[in-house]
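Q: structure, please.
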Amino acid sequence: MSQQPTSATLIPAAERSRLSFAGRALLIPLLIAAAGSLLLMAGNGDQWLADQLFRWQGSQWALKDAWWTSHLIHKGGRNLTWFVALLVILALIRSCMDLRWRPLRRPLAYLVSSVALTTSIVALLKSWTHMDCPWDLERYGGLRPFIGLFEQRPVALGHAACFPAGHAGSGYAWVALFFFMLQVRPQWRWPALGTALLVGMVFGLAQQLRGAHFASHDLWALAISWLVATVLYLWMFPASASITSPARAAHGAIGENA
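A: Below is the predicted model:
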């Protein structure tokens, strides 16, 4: 008697592996983000952490205009991310013109698209959510009461745009480097991810020290960055696409120009 094919045998091994990867890459981080949001937003973790930072600075945001938080990390960090983005765009342009760089074209297009889409979504959400920064709240010496994410904001309070965190998001947007390196230099994917996470955390912590954001603002910026990077990667690099072939070709293209 012939054995009936199972659902597992009907799905190619490469596709099953891809589906498993997609599930892990999306489900686990988003569950962690959801749990963190409950702790920080519903469990008042945001206020508790901000209270500690506020008291540590003498019940004021003493580091709001400090050189290293305001100029070095905030303004300097913003300029750095723009500079890196420009370099990636220039590399993408070269990959469209130089045959030796052609294997890098899709990975570079992915990286540019992911960073641009992430920062755009964060900026759009900031304009929609109308949440105040800690330094604007009565609890921390400001003039406004705290209005939660899903609460109706009184018109009299005016516009606010502090959620999610834009500056931290400009660092976390580069988590897309994990998937870029997965296509180009797989052995570098974890260092690339670690670098992006470190930059985002430094940007975010500096803004929290200034009173510009709560921790949940940074968490949502990271969640959006990872979600966009993952979904865009799954869309731009189908299961039939080879990972090792572009990596070897890219290695050769870069090596010839070293």
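Q: residues near residue 156, how many?
A: The number of residues packed near residue 156 is 5, by other C-beta atoms under 10 Å. Any C-beta I mention is one placed from the backbone N, CA and C, and that applies to glycine too.
Q: quick one: it from residue 32, how far?
A: Counting by C-beta to C-beta, to the nearest Å, the separation of residue 156 from residue 32 is 37 Å.
Q: go on, residue 173?
A: Taken as C-beta to C-beta, the span from residue 173 to residue 32 is 18 Å.
Q: likewise residue 177?
A: Taking C-beta to C-beta, one finds residue 177 at 20 Å from residue 32.
Q: check residue 73 too.
A: Distance, residue 73 to residue 32, using C-beta to C-beta: 25 Å.
Q: more neighbours: which of these two?
A: More crowded of residue 73 and residue 32, by other C-beta under 10 Å: residue 73, with 24 against 14.
Q: surely that one touches residue 202?
A: Yes - using C-beta atoms under 8 Å, residue 73 is in contact with residue 202, at 6.5 Å.
Q: so residue 131: helix, strand or coil?
A: What DSSP: H, G, I helix; E, B strand; the rest coil gives for residue 131 is coil.
Q: how about it, what does it touch?
A: Neighbour list for residue 131: 147, 149, 160-163, 217 [criterion: C-beta atoms under 8 Å, 6 or more residues apart in numbering].
Q: burial count for the residue nearest to it when sequence neighbours are not counted?
A: Leaving aside its chain neighbours, residue 131 sits nearest to residue 163 (3.9 Å; criterion: C-beta to C-beta, 6 or more residues apart in numbering). Residues near residue 163, counting by other C-beta under 10 Å, number 23.
Q: am I right that residue 163 sits in a strand?
A: No - under three-state DSSP, residue 163 sits outside any strand and is assigned coil.
Q: contacting residues for residue 227?
A: 26, 29-30.
Q: check which helix or strand it maps to.
A: Assigned by DSSP states H and E, residue 227 belongs to helix 215-236.
Q: ditto for residue 20
A: Assigned by DSSP H and E, residue 20 falls in helix 13-37.
Q: so after that helix, what's the next helix or strand?
A: Taking DSSP H and E, what comes next after helix 13-37 is helix 45-56.
Q: and that next one, how far from the chain's centre?
A: The chain centroid and the centroid of helix 45-56 are separated by 24 Å, computed with C-alpha atoms, centre = their mean, to the nearest Å.
Q: neighbouring contacts of the following helix or strand past it?
A: Next helix or strand after helix 45-56 toward the C-terminus (DSSP H and E): helix 76-97. Helix 76-97 has contacts (C-beta under 8 Å, 6+ apart) with 101-102, 104-105, 108-109, 111-112, 115, 167, 170-171, 173-174, 199, 202-203, 206.
Q: just to revisit the earlier point, of the contacts of residue 131, select the buried ones using a PyMOL command.
A: The following PyMOL line selects those of these that are buried, judged by 16 or more other C-beta atoms under 10 Å:
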select buried, resi 147+160+162+163+217
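Q: list just the nearest of the contacts of residue 131 to residue 194.
A: residue 217 (21.9 Å; C-beta to C-beta).
Q: residues contacting the closest one?
A: 131, 162-165, 168, 204.
Q: redo that, cut-off 10 Å
A: Residues in contact with residue 217, defined by C-beta atoms under 10 Å, 6 or more residues apart in numbering, are 40-41, 46, 122, 126, 129, 131, 133-134, 162-169, 204, 207-208.
Q: find the nearest non-adjacent residue to it, please.
A: Closest residue to residue 217 apart from its sequence neighbours, by C-beta to C-beta, 6+ apart: residue 165 at 4.0 Å.
Q: so which helix or strand of the chain has the lowest pLDDT on average?
A: Scoring the helices and strands of the chain by mean pLDDT, DSSP states H and E places helix 244-256 at the bottom, with a mean of 43.
Q: distance of the residue nearest to residue 231 when sequence neighbours are not counted relative to residue 207?
A: Distances taken as C-beta to C-beta, 6+ apart put residue 26 closest to residue 231, at 7.6 Å, once the chain neighbours are dropped. Distance, residue 26 to residue 207, by C-beta to C-beta: 27 Å.
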